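*Asks:* Sequence first, predicted coordinates after that:
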Number of protein chains: 2
Amino acid sequence: MSSAGETIARGRPKSESKKEQIYTAASGLFLEHGYDGVSMDQVAIQAGVSKQTVYSHFDSKESLFSACIRNKCEAHQLTPAALDPALPVEQVLHRVVTLYDELFHSDEAIRLKRLLCGHADSNPRLAEIFYAAGPDMMKQTLEGYLQGQVDRGVLEIEDIPTAARQLLYMMQGEHLNRAMLNISGGPSEADNKKYLAACVDLFLRAYRRA
Amino acid sequence: MSSAGETIARGRPKSESKKEQIYTAASGLFLEHGYDGVSMDQVAIQAGVSKQTVYSHFDSKESLFSACIRNKCEAHQLTPAALDPALPVEQVLHRVVTLYDELFHSDEAIRLKRLLCGHADSNPRLAEIFYAAGPDMMKQTLEGYLQGQVDRGVLEIEDIPTAARQLLYMMQGEHLNRAMLNISGGPSEADNKKYLAACVDLFLRAYRRA
DNA sequence: AGATAGCTAGACTGGACAGTCTAGTATGAT
DNA sequence: ATCATACTAGACTGTCCAGTCTAGCTATCT
């Protein structure tokens, strides 16, 4: 609010908790019904706040939407799991692959991605934020681990970014594709576990030092 | 139009070419601006047809949309490329992978998929049609080829569906992800070619008969 | 205490748009 | 020729909605 020189605050300050209520309500509604499917009146009601208050915290529907998406992207930020270099590679990779699989298939993550795809043309910056915090972060973390294993002589990989990309997308491709399109009747949970294991297996058969 | 007994047509028949104009105009507009971004007036104008005519060919905006999507899915149907079993595997796989990469990254295919993702909740049947004609078809074609090579003793694969899935999604994952989200500044065309080759390589290192 | 600014409830404006209606014109089948 | 139907142009209805405005109420600062 204040810029240089700390302008003295006068009068009643804006309630941070109201802002939070608005974020929560709007995010939920946007994720469920999409941008066009939500009206500002609905947001106000859901947040238990007057419409005017919504507009006092956010300039427009557009900016409220952007703020919500940004918020969600942060919330989905990955904390690079502690990838213990001392554990057996297959065990670590299996863990990574399982973790990422779950992470990217939460209902919320899927809905978020759908929303962003729909706005990829009109608002590519939002998509970039998501990409950087999500898929790209994931890949970098994996690259770091792979490099470590190459250095220790466990793996033999010429091009680490390529290898990371191969494993990550191989493992999640179909599951993600189906989820994005809401295709029912996919492989069972057990089948998916088997598939993930098969991916780690394929990866190691090709990249484990002979 | 007519059901049992060939109802005799009376009066002026509906113009098939007008219907075609409407399809063309509506498909283009929907793909470019999304469902909510297009009005029926725009469709009529773009098609060079009166609004009433649009409504005489299609009951509602919803049904026009569905019809357009169905249409587009058919247009993107894959003709299972002639995969010559006599050619060297790496050559065939390389060709397949390149073909599919191009196919799925045409501007139109991406826009279509974005649109469907956005309507995955409200209209899952459309997404299913797309999935069956696109990704699923792709996978089945590849499975058929792989089975052939296993029978000839060139490849050694325990679980063919798994292997097909691995190759297909490994190869397209990142490229597709970026395209869907409209993320700029990805790898160059040349890098992508190299990546595709690396995928075929990884695949064969693991599955070629020793 | 008094000023300042946030909050509420609800009315209101202006524009967009799906879908209908009308009245007249065009076209094909019989 | 005549009838049934398609097509056109444009007006019209009803609804929804982003964003504004008002008037009174409330919380917090000096």
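*Replies:* That came through, no problem.
*Asks:* what about the strands in chain A?
*Replies:* In chain A, no strands are defined using DSSP state E.
*Asks:* now the helices for it?
*Replies:* For chain A, the helices defined by DSSP state H cover A:16-33, A:40-47, A:51-57, A:61-75, A:89-103, A:107-118, A:124-131, A:137-151, A:160-181, A:189-207.
*Asks:* So which bits of chain A are right by DNA strand D?
*Replies:* Applying C-beta under 7 Å from any atom of the strand, we find that chain A lies next to DNA strand D at A:8-13, A:38-41, A:51-52, A:55, A:60-62. All C-beta atoms are positioned from the backbone trio N, CA, C, and that covers glycine.
*Asks:* Give the PyMOL command for selecting the buried subset of those residues.
*Replies:* Buried subset of these, written as a PyMOL selection, criterion 16 or more other C-beta atoms under 10 Å in any protein chain shown:
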select buried, chain A and resi 38+61
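*Asks:* Nearest to DNA strand C: which residue in chain A?
*Replies:* Per C-beta to the nearest atom of the strand, residue A:11 is where chain A lies closest to DNA strand C, at 2.1 Å.
*Asks:* so what's the backbone phi/psi at that residue?
*Replies:* phi 70, psi -170 (degrees, to the nearest 10).
*Asks:* again, but for the one 4 residues further on
*Replies:* The main-chain torsion angles of residue A:15 are listed as degrees, to the nearest 10 and equal phi -80, psi 120.
*Asks:* so how far is residue B:56 from it?
*Replies:* Noted for residue A:15: a distance of 55 Å to residue B:56, by C-beta to C-beta, to the nearest Å.
*Asks:* ditto for residue A:148
*Replies:* Distance, residue A:148 to residue B:56, by C-beta to C-beta: 67 Å.
*Asks:* Could you pull up the residues touching residue A:113?
*Replies:* A:130, A:180, B:117, B:181 (C-beta atoms under 8 Å, 6 or more residues apart in numbering or on different chains).
*Asks:* Residue numbers of chain A in contact with DNA strand C?
*Replies:* A:10-15, A:18, A:48-53, A:56-57.
*Asks:* Max pairwise distance over those residues: which two?
*Replies:* Spatially, the most separated pair among the residues of chain A next to DNA strand C is A:10 and A:48, at 27.0 Å (C-beta to C-beta).
*Asks:* re earlier: quick one: which of the residues of chain A next to DNA strand C is nearest chain B?
*Replies:* residue A:51 (21.8 Å; C-beta to the nearest C-beta).
*Asks:* wait, doesn't that closest one sit right on residue A:40?
*Replies:* Yes - the pair residue A:51 / residue A:40 is scored as a contact, 6.2 Å apart, by C-beta atoms under 8 Å.
*Asks:* For residue A:70, which residues are in contact?
*Replies:* By C-beta under 8 Å, 6+ apart, the residues touching residue A:70 are A:126, A:129.
*Asks:* How about residue A:84?
*Replies:* Residue A:84 neighbours (C-beta under 8 Å, 6+ apart): residue A:92.
*Asks:* how much space between it and chain B?
*Replies:* 25 Å (C-beta to the nearest C-beta, to the nearest Å).
*Asks:* Next one: that residue from DNA strand D, what distance?
*Replies:* As judged by C-beta to the nearest atom of the strand, to the nearest Å, residue A:84 and DNA strand D stand 48 Å apart.
*Asks:* so what's that residue scoring on pLDDT?
*Replies:* pLDDT for residue A:84: 88.
*Asks:* So what does it have for phi and psi?
*Replies:* Dihedral angles (degrees, to the nearest 10) for residue A:84: phi -70, psi 120.
*Asks:* Could you do residue A:36 as well?
*Replies:* According to degrees, to the nearest 10, residue A:36 has phi -70, psi -20.
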